[in-house]
Every structure is written in C-alpha cells, then in structure tokens.
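[1] Requesting a structural model of the entry that follows:
(one chain, ligands or ions: 1)
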Amino acid sequence: MNEKAAVGERAAEEYIKDGMVVGLGTGSTVYYTIVKIADMIKNGLTISGVATSVQTENLAKSLGIPLLDLNTVQKIDIAIDGADEIDPQFCAIKGGGGALLREKLIAKHAEKFIVVVDSHKIVQQLGGFPLPVEVVPFGAKLTEKAIQKFGCKTVFREKEGKAFVTDNGNYIIDCYFSRMEKPKELAMALNGIPGVVENGLFINMVHHVITVDKKDKVIVL
Ligand SMILES: O=C[C@H](O)[C@H](O)[C@H](O)COP(=O)(O)O
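    Sure, this is the predicted structure:
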C-alpha cells in the first residue's frame with residue numbers, strides 16, 4: 001500500500017469543500033493532497049491555495065491551482081501538511097524539507113490544521129527525527145552554541161555540499177536530542193534565542209491526523 005498516497009488523498013476527500021482557501025503544505029505526502037485538489041478543481045470546484053514553500057508554489061501552478069498572496073487573504077479555511085514525527089498529543093516535528101517557517105505561519109492562521117502522515121511517523125516520544133531550527137545567517141555559529149545548551153548535537157544542514165538556504169534566505173540547524181522531554185518548553189525557549197527565526201516543533205496546532213492503522217486502514221484521529 002502506498003500510505004502517503006492513501007492519507008494524502010483522503011485528506012482532500014474528507015476536508016476540502018467548494019469555495020475554500022486552503023493552506024498547501026510541503027513534501028512527498030501532501031503532494032498527493034495537492035494533486036487531488038487539482039482534480040477537484042478540474043471537476044468544477046472553486047478552490048484557491050496559499051503555498052507554504054516555493055516548491056509547493058511551483059507544484060500548484062503546474063497543476064492549475066489558483067494561488068493567493070498570503071497578505072491579501074481574509075481567511076484560510078484549512079491547512080493540510082505532512083510531518084516528520086507526531087506524538088499521541090499531536091505535537092509534531094516538521095521541517096525535514098526546510099519549509100517549517102512558512103508552514104507554521106500558515107498553520108497558525110488556518111481555521112483547521114490537518115496533518116497527513118504514514119504510519120512510521122507516529123511515535124510515542126518526539127526526538128527520533130532531528131529538530132530543524134531556522135536561523136538567520138548573521139552570527140549563526142553563535143546561535144548554534146546557544147542552541148547546544150539545550151543538550152543537543154547540532155549540524156548545519158547542507159545540500160549538494162553547500163549550506164542549505166531556506167525560502168526565506170536563512171540556514172537550518174538540525175538538532176539531535178537523545179530524549180526530548182518537554183517539547184512545549186523547548187519550542188518556546190528556542191524561539192527566545194536571538195538569531196532563531198523558528199523551530200520545527202508544532203505544539204497545540206494540529207486538529208486532526210490522518211494516518212494508516214495496523215490493518216492497513218486509513219484512519220482519522
Ligand atoms: O519542511 C518540510 C515539511 O515540514 C514536510 O511536511 C515534512 O518534512 C514531511 O515531509 P514528507 O511528507 O515528504 O515526509
């Protein structure tokens with residue numbers, strides 16, 4: 001079973017209605033939601049999107065999904081996105097693709113935020129996946145030192161041998177924790193460091209999770 005396709009498509013079928021403004025997430029799972037939304041538009045529904053990354057913007061444009069400028073949008077009815085890990089309290093780590101800042105901004109302002117994940121992403125405790133933290137390039141090594149005080153090992157993300165640069169012109173520091181005990185406190189403390197723009201912890205934001213159970217059935221939690 002292609003779990004990513006199954007959960008991604010289900011999200012569109014379950015939640016997308018005519019007339020909605022939809023926050024379009026980033027990544028290989030929500031890809032299937034976006035393709036499904038394009039089908040719905042071809043079948044006569046009026047849907048517009050706000051994109052959480054340049055990658056998604058390009059995908060949506062190529063599929064004919066009308067996109068709106070975030071600054072002109074009155075309301076985002078729903079945002080749908082993937083995640084790298086999610087726990088039973090619906091706390092998630094996102095940013096494996098580096099899109100966490102725009103994703104969090106759009107999720108925050110959406111009336112509803114739905115996460116689509118294959119079954120491997122459901123964990124009892126967050127931290128197996130390194131936590132991405134977006135930092136401004138100015139003083140980034142000093143920012144890294146401040147982040148390390150939270151007890152993690154850090155690696156500046158690279159792409160093709162060069163520094164990975166986000167859509168916002170920033171760097172990503174991937175933070176490896178052996179245990180992440182208090183994600184909510186950690187998220188707030190990280191954002192208190194000058195130079196940190198945003199971190200990949202999504203706390204108290206997710207309304208529903210769509211995933212696959214042990215019997216290969218798509219479920220909405
Ligand atoms: O920056 C990327 C996003 O947070 C993605 O939603 C996340 O990494 C999950 O992506 P995928 O569905 O490709 O595993």
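[2] Near the ligand, which residues of this structure are found?
    Remark: the part of the chain in contact with the ligand comprises 25-29, 81-84, 94-100, 103, using CB under 6 Å from any ligand atom. All C-beta spots, glycine's among them, are computed from the backbone N, C-alpha and C.
[3] repeat that for 5 Å
    Applying CB under 5 Å from any ligand atom, we find that the chain lies next to the ligand at 26-29, 82, 84, 94-97, 99.
[4] In strands only, show me the residues you listed.
    Of these, none are assigned to strands by DSSP state E.
[5] Need these in CSV (columns: neighbour count and pLDDT).
    Compiled in CSV, those are given as follows (neighbours: other CB atoms under 10 Å; pLDDT from 0 to 100):
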residue, neighbour count, pLDDT
T26, 28, 98
G27, 23, 97
S28, 13, 98
T29, 25, 98
G82, 29, 98
D84, 22, 98
K94, 29, 98
G95, 30, 98
G96, 21, 97
G97, 20, 96
A99, 28, 98
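[6] Same list, these, but as a markdown table with distance to F150 please.
    Below are those laid out as a markdown table (distance: CB to CB, whole Å):
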| residue | distance to F150 |
| --- | --- |
| T26 | 26 |
| G27 | 26 |
| S28 | 29 |
| T29 | 28 |
| G82 | 25 |
| D84 | 18 |
| K94 | 18 |
| G95 | 16 |
| G96 | 20 |
| G97 | 23 |
| A99 | 23 |
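[7] Among these, which one sits closest to K145?
    Nearest to K145 among the residues of the chain next to the ligand: G95, at 20.6 Å, using CB to CB.
[8] most remote residue from the chain's center?
    Computed with CA atoms, centre = their mean, the residue of the chain farthest from its C-alpha average is G44, at 28.2 Å.
[9] Spell out the secondary structure type for that residue.
    Of the three states, G44 takes coil according to DSSP: H, G, I helix; E, B strand; the rest coil.
[10] so how far is the ligand from it?
    28 Å (CB to the nearest ligand atom, to the nearest Å).
[11] same deal with I76?
    Per CB to the nearest ligand atom, I76 is found 17 Å from the ligand.
[12] Bridge partners for that residue, pull those for me.
    A110 (DSSP bridges).
[13] these two touch, right, it and G23?
    Yes - judged on CB atoms under 8 Å, I76 makes contact with G23 at a distance of 5.1 Å.
[14] Residues that sit against both of the two, list them.
    Both I76 and G23 are contacted by 50, 106, 110, under the criterion CB atoms under 8 Å, 6 or more residues apart in numbering.
[15] Domain boundaries for the chain, per the record?
    3-122+204-220, 131-198 (automatic domain parsing).
[16] you'd agree T33 is in a helix?
    Yes - the assignment for T33 is a helix, going by three-state DSSP.
[17] That one touches G8, doesn't it?
    Yes - contact status for T33 versus G8: in contact at 4.4 Å, counting by CB under 8 Å.
[18] Need the residues touching each of the two.
    The contact lists of T33 and G8 share V116, where a contact means CB under 8 Å, 6+ apart.
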